[in-house]
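In: Take this sequence and fold it.
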Amino acid sequence: MNKKFDFVVKSISFDENYQPSDSTRLTTNFANLARGEHRQENLRNTLRMINNRFNDLANWDNPKGDRYSVELEIVSIDMDVEGKGNSFPIIEILKTNIIDRISGSKAEGIVGNNFSSYVRDYDFSILLAEHNKNKNSFSMPDDFGELHGKLFKCFLNSDAYKNNFKKLPVICLSVSSSKVYRRTGNQHPILGVEYEQNEFSSTDQYFEKMGLRVRYFMPPNSVAPFAFYFSGDLLNDYTNLELISTISTMETFQKIYRPEIYNANSEAGSSFQPSLNNQDFSLTRIVYDREERSRLATEQGKFTEEYFIKPYKALLEQWSANYAL
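Out: Have a look, this model is predicted:
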């Protein structure tokens with residue numbers, strides 16, 4: 001079966017007036033910030049942090065540290081499984097745009113950055129939990145992440161992706177608190193010092209199913225490495241300003257959501273194991289409810305099971321079994 005799914009790409013500006021749509025995953029970084037009585041202050045401070053960090057890294061020909069600003073678009077991808085006009089929100093990512101105040105130009109940055117997926121919520125919060133229920137040791141199903149990975153590859157190879165984006169995505173996430181990362185001698189002027197680890201995390205393995213490799217870098221003036229997921233050549237396919245747009249955006253989110261790691265008061269050493277139990281860190285002035293985010297992940301996994309996995313189970317299984325690039 002060589003069925004082709006229809007993808008629809010939509011975008012909305014992430015600015016101080018942003019309000020999440022009904023189809024947005026509420027656990028998404030940007031959606032969390034846009035709720036509650038402090039929503040506009042949260043958004044304004046977040047964008048200020050992103051711009052300040054961008055200018056900190058892009059410091060050449062930038063004497064006042066205010067040459068650049070970043071505009072963000074939330075990109076939502078809906079998938080029509082049966083071709084009947086009934087779509088499911090399959091992926092949500094961020095696209096950066098770079099404003100140069102001196103030249104007056106606007107350039108595209110990187111697409112990807114943050115990555116949200118209802119199917120991933122289902123895999124980790126429902127499928128994995130069910131697989132390990134009443135077991136003495138943790139394990140993963142043999143086909144864990146296979147469907148999600150193929151759906152992602154299918155989207156990257158679709159006309160919808162190629163018509164909307166010039167380059168392949170880069171996704172930047174927190175490193176795993178269950179792994180030890182060791183500093184190497186490799187250093188990039190923008191990405192910073194490279195780290196390596198001996199064993200992939202479950203997230204690394206999951207993204208590998210999506211066709212994405214991972215490298216870990218700690219950018220200049222950062223305090224911990226980030227995991228960069230990509231499918232091309234991370235160091236050569238993107239300009240310095242494109243890479244800076246991703247670093248400034250995702251470091252800001254991680255300082256808010258994982259301050260124990262990314263807003264720590266001391267930087268990672270030559271051997272580093274991140275910990276959410278670290279007490280030596282600073283809080284941003286941005287309000288965030290981490291417990292709510294964990295609870296919503298399970299709720300959204302159940303939503304995916306009910307409205308996507310179960311209704312289309314036979315069709316998706318047949319498509320996945322026959323899918324090849």
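In: Could you use CA atoms for every contact and neighbour count after this?
Out: OK.
In: before we move on, which element is the residue most central in space within the chain in?
Out: Nearest to the mean C-alpha position of the chain, by C-alpha atoms, centre = their mean, lies N114 at 2.4 Å. If you go by DSSP states H and E, N114 is part of strand 105-116.
In: Check V75 too.
Out: strand 68-80.
In: Would you check that the residue nearest to the centre of the chain makes contact with T96?
Out: No - the criterion here is C-alpha atoms under 8 Å, and N114 misses it with T96 at 10.6 Å.
In: And the strand holding V75, how far out from the chain middle?
Out: With C-alpha atoms, centre = their mean, to the nearest Å as the basis, strand 68-80 stands 12 Å off its chain's centre.
In: do the same with stretch 105-116
Out: Distance of stretch 105-116 from the chain centroid (C-alpha atoms, centre = their mean) equals 11 Å.
In: Please write out the alpha-carbon positions of that stretch in CSV.
Out: The C-alpha trace of stretch 105-116 is given here as CSV (Å, rounded to 0.1, in the frame of the first residue of the first chain):
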residue,chain,number,x,y,z
SER,A,105,16.3,42.8,6.5
LYS,A,106,14.4,39.8,7.6
ALA,A,107,15.9,36.4,7.1
GLU,A,108,14.5,32.9,7.7
GLY,A,109,16.1,31.1,10.6
ILE,A,110,15.7,27.4,11.5
VAL,A,111,12.5,25.4,11.5
GLY,A,112,12.1,22.7,14.2
ASN,A,113,13.6,24.0,17.5
ASN,A,114,10.8,22.9,19.8
PHE,A,115,9.0,19.7,18.9
SER,A,116,5.6,18.6,20.0
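In: Mind checking the pLDDT average for that stretch?
Out: For stretch 105-116, mean pLDDT is 94.
In: what does stretch 295-306 give?
Out: For stretch 295-306, mean pLDDT is 86.
In: just stretch 129-148 next, same as before
Out: For stretch 129-148, mean pLDDT rounds to 86.
In: mind checking the end-to-end distance for it?
Out: One end of stretch 129-148 sits 17 Å from the other (C-alpha to C-alpha, to the nearest Å).
In: where in the chain is pLDDT low?
Out: Applying pLDDT under 70 to the chain picks out residues 1-3, 20-37, 288-294, 325.
In: those helices in it, which residues are they?
Out: 29-33, 39-57, 118-121, 128-131, 146-156, 159-164, 202-209, 240-257, 259-262, 290-304, 313-322 (DSSP state H).
In: Count the neighbours of K64 for me.
Out: Using other C-alpha atoms under 10 Å, K64 is surrounded by 8 other residues.
In: before we move on, what about E196?
Out: When neighbours are counted by other C-alpha under 10 Å, E196 registers 17.
In: residues touching it, list them.
Out: By C-alpha atoms under 8 Å, 6 or more residues apart in numbering, the contact list for E196 reads Y181, R182, R183, T184, R215, Y216.
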